[in-house]
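Novice: Let's see this in three dimensions:
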Amino acid sequence: MTFEKFATRIRSDILRIMEEKEGNTFTANVSKVNKLQGQTYTGLLVGNEGSAFSCVYDLDKGFRMLENGVDYEQIVDKAVHELTTSLKDFPAVPVDMLDNYDALKEHLTVQLISKSNNEDALSGVPYTEVAEDLVLVARAKYPAEELNGTFLINSSYISNLGVDPQTLIRDALENTKEQNPLKLKPLCQMMREEFDSGFPQSDDSDIWVASNTDMIMGASAIFYPGAKERVSEVMGGNYYIIPSSIHEVLLCREGVVQDWKDLEMILNDVNDSVVNDCDILSKKLYHYDSESGLIETAETYELKKIA
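Specialist: Sure, this is the predicted structure:
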């Protein structure tokens, strides 16, 4: 069976079984799904007819199961179970979040990602560029406690609400700063807390960690209003920003290393060997200049010094 025949057949079977079991009418469309962090797959978008929301079944994963010898009927049963369970959870998103920006605003949060690594996914998503190849996007938290997650805000959504991208990102930043404040600690202290007494004592405070209090999608915290300046006070002036993952950044005082390229080399070695692909933020080292207030790539900063 080819992938095209598989997609057509399973779409028809999923619709038929779900409508028989649930007694509702559903819509189902095959579409390319561009997720952030370079994740792309062919999905089956299934939703209640007339609903603004749909759930996605990964058709690529289903086809791989078929190729690996899993029975087709078993694949269909699993897909139906996943979709019906997810659709029943969606009422946890209040209707007023769909058509009232004030209701949505209190649930906004931000995520920092690489622009070049997410070009396809960003085509229909509002964002603000905050540094070379770094952009902020807005997400919304599910208000129900049982749904511990977020969904990405797209352009059509805020257009229907009459909100421009700049206002969206600004409000998301302010909201995230208030609800999930900047967490700033020396790396050695954080490692001791993580590994208890197993990590050696050290007074080294040249390398710091910046994230949010949850340590989830916390790299964006360095762009909270006033955060760059606060870090500069702690670091005693200029500093390098090592984008270690989407969840945190490492900060290094300028002057600690003789050559900034050494830091960038370490960053890329860690990206290649330790960090999951979906968590990689950037391969570029960044620099904050306390006089200009600019965050730019270390390469751009050094070239300006030479010119």
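Novice: which of the residues in the longest helix seen in the chain are buried?
Specialist: Taking DSSP state H as the criterion, the chain has its longest helix at helix 3-22. Neighbour counts over helix 3-22 (16 or more other Cβ atoms under 10 Å) mark 6-7, 10-11, 13-15, 17-18 as buried. C-beta: built from backbone N, CA, C; applies to glycine.
Novice: Spatially, what comes nearest to the residue nearest to the spatial centre of the chain if we skip its sequence neighbours?
Specialist: By Cα atoms, centre = their mean, the mean C-alpha position of the chain lies nearest to residue 111, the distance being 5.0 Å. Spatial nearest neighbour of residue 111, chain neighbours left out: residue 217 (4.7 Å); criterion: Cβ to Cβ, 6 or more residues apart in numbering.
Novice: So the one you found versus residue 150, what's the distance?
Specialist: 8 Å (Cβ to Cβ, to the nearest Å).
Novice: If you count surrounding residues, which of these two has more?
Specialist: Taking neighbours as other Cβ atoms under 10 Å, residue 217 and residue 150 compare with residue 217 leading, 23 against 17.
Novice: Does the more buried one touch residue 137 like I think?
Specialist: No - applying Cβ atoms under 8 Å as the test, residue 217 and residue 137 come out as separate, 10.1 Å apart.
Novice: Between these two, which contacts overlap?
Specialist: 110-111 (Cβ atoms under 8 Å, 6 or more residues apart in numbering).
Novice: can you pull out the strands in the stretch 201-307 of the chain?
Specialist: Along the stretch 201-307 of the chain, counting by DSSP state E, counting those that start in this stretch, strands occupy 207-212, 239-245, 248-253, 286-289, 294-297.
Novice: so of those strands, which one's packed in deepest?
Specialist: With neighbours taken as mean count of other Cβ atoms under 10 Å, the strands of the stretch 201-307 of the chain reach their highest mean count in strand 239-245, at a mean of 24.
Novice: Given that one, what are its sheet partners and their directions?
Specialist: Sheet pairing for strand 239-245, assigned by DSSP bridges, gives strand 248-253 (antiparallel), strand 286-289 (antiparallel).
Novice: that older thread, secondary structure element for the residue nearest to the centre of the chain?
Specialist: strand 108-114 (DSSP states H and E).
Novice: Ok, residue 160 next?
Specialist: Using DSSP H and E, residue 160 sits in helix 155-161.
Novice: after that helix, next one along is what?
Specialist: Next along from helix 155-161, by DSSP H and E: helix 165-179.
Novice: Contact partners for residue 6?
Specialist: Residue 6 sits in contact with 59, 62-63, 66, where contact means Cβ under 8 Å, 6+ apart.
Novice: all strands for the stretch 1-150 of the chain, in order.
Specialist: Counting by DSSP E, counting those that start in this stretch, one finds strands in the stretch 1-150 of the chain at the ranges 26-34, 40-48, 55-58, 108-114, 127-131, 134-141, 150-152.
Novice: would you turn those into a markdown table with mean pLDDT and distance to residue 267?
Specialist: Shown next, in a markdown table, are the strands of the stretch 1-150 of the chain (pLDDT from 0 to 100; distance: least, Cβ to Cβ, whole Å):
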| stretch | mean pLDDT | distance to residue 267 |
| --- | --- | --- |
| strand 26-34 | 81 | 26 |
| strand 40-48 | 84 | 25 |
| strand 55-58 | 86 | 31 |
| strand 108-114 | 94 | 13 |
| strand 127-131 | 94 | 15 |
| strand 134-141 | 92 | 14 |
| strand 150-152 | 81 | 26 |
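Novice: Tell me which of these lies nearest to residue 260.
Specialist: Residue 260 lies closest to strand 127-131 among the strands of the stretch 1-150 of the chain, at 15.5 Å (Cβ to Cβ).
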